[in-house]
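fold the stuff below for me.
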Amino acid sequence: MPALAALRLAVYLTVAAGVAALHLGGLVGAVGIGLFGAALLLGWWLRDRRQETPGLLRALVIAIALVAGLDLLYFAESAFDGFVRLLVLLVLLRLFTARTPRALRDAGLLAFFMLVASTAVTFSLGFLFVFVAFVAAGVAMLILAQDLAEAERAGGETGVARAPGAGRGFVALGLAASAASLLVTLALFFVIPRVGEATLALRQPLRRMLIGFTDRVELGAIGELETDDTVAMRVEVGGGPPPAEAFAHLRWRGITLERFDGRAWTTERPRRVAFRRPTTGAFEVWPEPREGGVPLRQAVFLEPIGTDAVFAAPHAVRAWFRSVSALVDDSGAIAVPVPSARLQYTVESHVGAEPWGGPLGGGERSRYLQLPPLSPRFAALAQQVAGEAGTDAAAAAALVRYLSRPPFRYTLTLERATALDPLEEFVFVRRAGNCEYFAAALVVMLRTLGIPARMVNGFQRGEWNPYGGYFLVRMGDAHSWVEAHVDGRGWITLDPSPREPPDAGGGSARVSLWLDALRVRWYRYIVSWSRQDQVQVAAAIGRAALTSSPWRLPGLSWIPASGLVLPAMAVVAGVFGWLAWRRIGPLTRAGAPPVPRFYRRALRALARRGLRPAPEETAREFARRVAQTAPALGGPLARVTEAYEAVRFGAAILDGRGAAEVDGALRVLASGAVRGNGAATGA
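Numbers count the residues shown, from 1 in each chain. I've put the predicted structure just below:
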């Protein structure tokens, strides 16, 4: 392939990789990808058909300025989005107006900023493949641009036109250089000091606001999430899935809501207390229970679901965050002041430690007994169901049994049938609803009996992923349940909803679970690689160097087996780069520079008369054989062969006189072969 065409192709591939990175980050949609692809195809088709028109260039610049201004002022969701689209337009403008190798190279260099922009919002594993493609295409672009720049300095436009093309040797050199670049990049990535959190994005991708985890939650809001398969978070517990008998009803607690107005639940934010991270790095959330409960340590990877709530198994006693502060309310619910695009944290809980919390004060008790104006039927039904229960716990258990059995049933179809208040219609008429209705009904009836209670919103356990050792929790696992303060001792957990808990074994395909585990490792060890990780690895290597077994790194036990994937990839890339480098010399001699076009024309003319070089025959040997077989063609072919050797192996450039002599020799070879005179025939 001619060098200029190869450079243009490399630039187009580099730009395409940059746009693909923007697409992974949600900065360019499917429509934008289609338009950009069409523009690239149009630019390629017009590459040799454009004329220098300064007026058209000025018009394009003005149009881009107007479009970018309108986009920034009226259409872009954020200034970042507007500047990204302006960058795309500038790259297209440079491609359409590029007439020289330097202009093409500039368009490819601009595409680098597409990659930079996407890194702020891209956490997908697909970014790895886009990055590798960008490096490979970018290295090829830089090598070709340098070669053409030298050819242009040596011979102007003629030098560019006659520059050696891209053969097998060039491909080998490009692959070796790309492998070396990736290895250097990988090494620098792990050692360069971090200047900020990897999860801090320039724009918050909060297109999905999780309505069930805000200050105000309408009845039925959780039901809007229960059909959504989008991943909400992943929870690593270590050591395999927790025993089913011990954690049959494991949940991830988020927020508590205590005030009910008949249609919605709200919470009081002023109850939150801000804690700064102590020197130990752990936030003390709640005192450890004196007895009971099973310790459970969870590493949580929370997706950007539009809430500042922190989810953990109840009851959390301490937490570790990368942020310097956290918010904890008097119910033990945790939040972060400014949530990142993705949040990674660790929580230690004591599961099953109930009752917990101790006695309530007078103000707290009245807060959890608040009720709006209600039909007296609620109190009557609660008294009837509780019967002669001697304790608050027994009364609460009776109410749970009543609501979780027929005629009550679980459904996501929440159609109104009467003009009654939603909760009254649910309990006395429809008797079908989602988890929020069951939880709200239980809280209301408990409060009519004088038992403090509150609503809790969070997630069910989720699906166990055996390849990553974590629970995969989806938006559809959003759930509501109840906490009641019984017999003056503390809080207990109650769940009246007949909704079936998810199967820990899961129903997803194995391939999807494996890919999700790989995605988590990508996020943990690449996207979220932090200063703390660097310090831990450096300390582990230092400790190992002082021990008798330098190959054993006990400090790296926190890295799971799948964490070795990246080092293995680095070793494979190094071996491949070394082998490719060893082959550069032979391949370069065998495949580059390419055969000049004029010599190929001479061979075609001679082939029509049956004169073809043998595989083991050199150009000079073939010319001598032609001179013996067809003397009339010997002189012209000798002149063409001389020029061929000078251009291909001596890097010579034919001047005007030399080119004219070669053209004359080619005409003789072509006319001699066509006339078929006696001197030119035979072989």
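
residues of the helix or strand hosting Ala180 that come out buried?
According to DSSP states H and E, Ala180 maps onto helix 168-191. Using 16 or more other Cβ atoms under 10 Å as the test for burial, helix 168-191 gives 169-170, 172-183, 186. All C-beta spots, glycine's among them, are computed from the backbone N, C-alpha and C.

name the SS class of Asn457, please.
strand (DSSP: H, G, I helix; E, B strand; the rest coil).

isn't it up against Val217?
Yes - at 6.6 Å, Asn457 and Val217 qualify as touching, with contact defined as Cβ atoms under 8 Å.

more neighbours: which of the two?
A side-by-side neighbour count of Asn457 and Val217, using other Cβ atoms under 10 Å, places Asn457 first with 29 against 21.

contacting residues around the more buried one?
Contact analysis of Asn457 by Cβ atoms under 8 Å, 6 or more residues apart in numbering lists 212-213, 217, 222, 254-257, 478-480.

can you do 7 Å?
Applying Cβ atoms under 7 Å, 6 or more residues apart in numbering, we find Asn457 in contact with 212-213, 217, 222, 254-255, 257, 480.

is it bridged to anything, and to what?
For Asn457, the beta-bridge partners are Ile255, Ser480 (DSSP bridges).

look up how far Ala264 lies from it.
Applying Cβ to Cβ, to the nearest Å, the value for Asn457 to Ala264 is 12 Å.

list the residues that contact both of those two?
In contact with both Asn457 and Ala264: Val217, using Cβ under 7 Å, 6+ apart.

can you report how many residues neighbour the residue lying closest to Met455 once chain neighbours are set aside?
The spatially closest residue to Met455, leaving aside those adjacent along the chain, is Leu257, at 4.3 Å (Cβ to Cβ, 6 or more residues apart in numbering). Other residues lying near Leu257 total 26 when counted by other Cβ under 10 Å.

check Arg667 too.
Around Arg667 there are 12 residues (other Cβ under 10 Å).

list the contacts of it.
Contacts of Arg667 by Cβ under 7 Å, 6+ apart: none found.

confirm that it sits in a helix.
Yes - counting by three-state DSSP, Arg667 is part of a helix.

okay, it: pLDDT?
On pLDDT, Arg667 comes in at 88.

what of Ser548?
For Ser548, pLDDT reads 45.

quick check: buried residues in stretch 64-74?
Of the residues in stretch 64-74, those buried (16+ other Cβ under 10 Å) are 68, 71-72.

pick the one among these closest to Phe112.
Ala68 (19.7 Å; Cβ to Cβ).

contacts only, for that closest one.
Taking Cβ under 7 Å, 6+ apart as the test, what Ala68 contacts is 82, 86, 89.

switch those over to JSON lines; also include neighbour count.
Listed next are these as JSON lines, based on neighbours: other Cβ atoms under 10 Å:
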{"residue": "Gly82", "neighbour count": "19"}
{"residue": "Leu86", "neighbour count": "18"}
{"residue": "Leu89", "neighbour count": "17"}
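
mind checking which of those residues are in strands?
Residues from the contacts of Ala68 lying in strands, with DSSP state E as the criterion: none.

report the lowest-confidence entry in those.
Comparing the contacts of Ala68 by pLDDT, Gly82 comes last, at 77.

just checking, that residue touches Leu72?
Yes - assessed by Cβ atoms under 7 Å, Gly82 is found in contact with Leu72 at 3.9 Å.

show me where the stretch 151-300 of the chain has strands.
216-218, 231-236, 251-257, 259-260, 264-266, 273-276, 282-284, 294-302 (DSSP state E, counting those that start in this stretch).

just the ones you listed: most buried one?
Of all the strands of the stretch 151-300 of the chain, strand 251-257 has the most neighbours on average by mean count of other Cβ atoms under 10 Å, namely a mean of 24.

give me the residues contacting that one.
213, 217, 235, 265-267, 309, 311-314, 331, 333, 454-461, 473, 479, 481.

redo that, cut-off 8 Å
Taking Cβ under 8 Å, 6+ apart as the rule, strand 251-257 contacts 213, 217, 233, 235, 265-267, 307, 309-316, 329, 331-333, 335, 454-462, 473, 479, 481, 483, 493.

equivalent analysis for stretch 639-652, please.
With Cβ under 8 Å, 6+ apart as the criterion, stretch 639-652 contacts 162, 593-596, 598-599, 602, 619-620, 622-623, 653-654, 658, 661-662, 665-666, 669.

one more: stretch 15-30?
Against stretch 15-30 from outside (Cβ under 8 Å, 6+ apart): 32-33, 36-37, 40, 81, 84-85, 88, 91, 95, 107-108, 111-115, 117-122, 124, 126-127, 130-131, 133-134, 137, 205.

only the buried subset of those, as a PyMOL command please.
A single PyMOL command selects the buried members of the contacts of stretch 15-30 (16+ other Cβ under 10 Å):
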select buried, resi 36+40+81+84+85+88+91+95+107+108+111+114+115+117+118+119+121+122+124+127+130+131+133+134+137
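
in helices, which of the contacts of stretch 15-30 fall?
32-33, 36-37, 40, 81, 84-85, 88, 91, 95, 107-108, 111-115, 117-119, 126-127, 130-131, 133-134, 137 (DSSP state H).

now the helices for the stretch 351-500 of the chain?
362-367, 377-386, 392-403, 422-425, 435-448 (DSSP state H, counting those that start in this stretch).

may I see the buried residues of the first one?
So that's helix 362-367. Buried residues in helix 362-367 (16+ other Cβ under 10 Å): 364, 367.
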